[in-house]
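*Asks:* fold the following.
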Amino acid sequence: MKKLVLFLTIMFMTMSYGQEIKQVPLINVNGEGKVKVAPDQVCISASVETKGNNAKDVKKQNDEKMDAVLKFIKKMNIPTADFKTKQVALNPQYDYEKKKTSYNATQTVEIVVKDLAKYDELMEGLVQQGINRIDRVSFESSKLTQYQSEARKLAMKDAKTKAEEYVSVLGQKVGKAFTISDNSQVYHPQPVYAAMRMKAADSMESSNETLAIGEIEITANVSVSFVLD
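*Replies:* Numbers count the residues shown, from 1 in each chain. The predicted model follows:
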């Protein structure tokens, strides 16, 4: 008897709980927000690469060139916080045909230039002082976090506008947001790659205008479920 009562009690509670669960009417939409801004700084990754048959001599030559490069950067009044050494390497390279070992020394410096008017002179001077490889040049915004926030707000507004357009023909209204998912990808500035050699510096003139900066686009994407009233 007790088992029967317990069974009936559990069944009653299960049925009551099931009746209380109601399906919430929702509309699911995606929203996108874009902010276009002119970059106000440029990040340059540049390397000195030296090759030779003697490891000590190769490293010495590479160090001397990089020393001249760093002194030039300081002379350009780039704050010390805006440039740093990113990589130092000295690697043996064995030639199986000649059965000889050569050495390759590389030092890479990364520079953030916040005054774009210095770009041409800086690039020319880097090559003249010993830089023989420009690995990356990317134009960026110093207010990236602010613009990302603006893009997210625009994405939410876009999602709500879409939801209202869809349900307007049904005589319904968009209620509160039920779920929100951020689908934005991490922003990576688009790099510009180049292979600059000493001979390239000979044809460069500081008066030449070589930049066409344009705009960078910061995008946010969201998925939102709205309750229908």
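
*Asks:* give me the number of residues near residue 87?
*Replies:* Residues within reach of residue 87, counting by other Cβ atoms under 10 Å, total 12. From N, CA and C alone the C-beta is placed, and that goes for glycine too.

*Asks:* thinking it is in contact with residue 107, fair?
*Replies:* Yes. Counting by Cβ atoms under 8 Å, residue 87 touches residue 107, with 6.9 Å between them.

*Asks:* overlap in contacts of these two?
*Replies:* residue 47 (Cβ atoms under 8 Å, 6 or more residues apart in numbering).

*Asks:* the host helix or strand of residue 137: how far from the chain's middle?
*Replies:* Element membership for residue 137, per DSSP states H and E: strand 133-140. On the basis of Cα atoms, centre = their mean, to the nearest Å, strand 133-140 sits 13 Å off its chain's mean C-alpha point.

*Asks:* tell me which element residue 28 falls in.
*Replies:* strand 26-37.

*Asks:* show me what that strand is in contact with.
*Replies:* 141, 143, 147, 150-163, 166-167, 174, 178, 183, 215-228.

*Asks:* which other helices and strands contact the top helix by length along the chain?
*Replies:* What stands out as the longest helix in the chain, according to DSSP state H, is helix 144-168. Under the contact definition 3 or more Cβ pairs under 8 Å, 6 or more residues apart in numbering; DSSP states H and E, helix 144-168 sits against strand 26-37, strand 174-182, strand 216-228.

*Asks:* and residue 140, what's its pLDDT?
*Replies:* In the prediction, the pLDDT value recorded for residue 140 is 91.

*Asks:* from residue 47, how far off is it?
*Replies:* 20 Å (Cβ to Cβ, to the nearest Å).

*Asks:* more neighbours: which of the two?
*Replies:* residue 47 (20 against 17).

*Asks:* whatever helix or strand the more buried one lives in: which residues count as buried?
*Replies:* Residue 47 is located in strand 41-52, with elements delineated by DSSP H and E. Using 16 or more other Cβ atoms under 10 Å as the test for burial, strand 41-52 gives 41, 42, 43, 44, 45, 46, 47, 48, 49, 50, 52.

*Asks:* the first one pairs with what?
*Replies:* For residue 41, the beta-bridge assignment (DSSP bridges) gives partners residue 140.

*Asks:* could you check how far it is from residue 54?
*Replies:* 40 Å.

*Asks:* now swap in residue 122 and tell me
*Replies:* 32 Å.

*Asks:* residue 110 too?
*Replies:* Residue 110 is 29 Å from residue 54, by Cβ to Cβ.

*Asks:* between these two, point out the one with more neighbours.
*Replies:* The neighbour count for residue 110 versus residue 54, taken as other Cβ under 10 Å, is higher for residue 110 (16 against 11).

*Asks:* wait, a strand at the more buried one?
*Replies:* Yes. According to DSSP: H, G, I helix; E, B strand; the rest coil, residue 110 belongs to a strand.

*Asks:* tell me the angle the host helix or strand of residue 72 makes with strand 41-52.
*Replies:* Residue 72 belongs to helix 55-75 when elements are defined using DSSP H and E. Per axes from the mean of the first three to the mean of the last three Cα atoms, to 10 degrees, the angle that helix 55-75 makes with strand 41-52 is 160 degrees.

*Asks:* pLDDT of helix 55-75, averaged?
*Replies:* 96.

*Asks:* buried residues in stretch 64-78, which are they?
*Replies:* Buried, per 16+ other Cβ under 10 Å, within stretch 64-78: 65, 66, 68, 69, 70, 72, 73, 76, 78.
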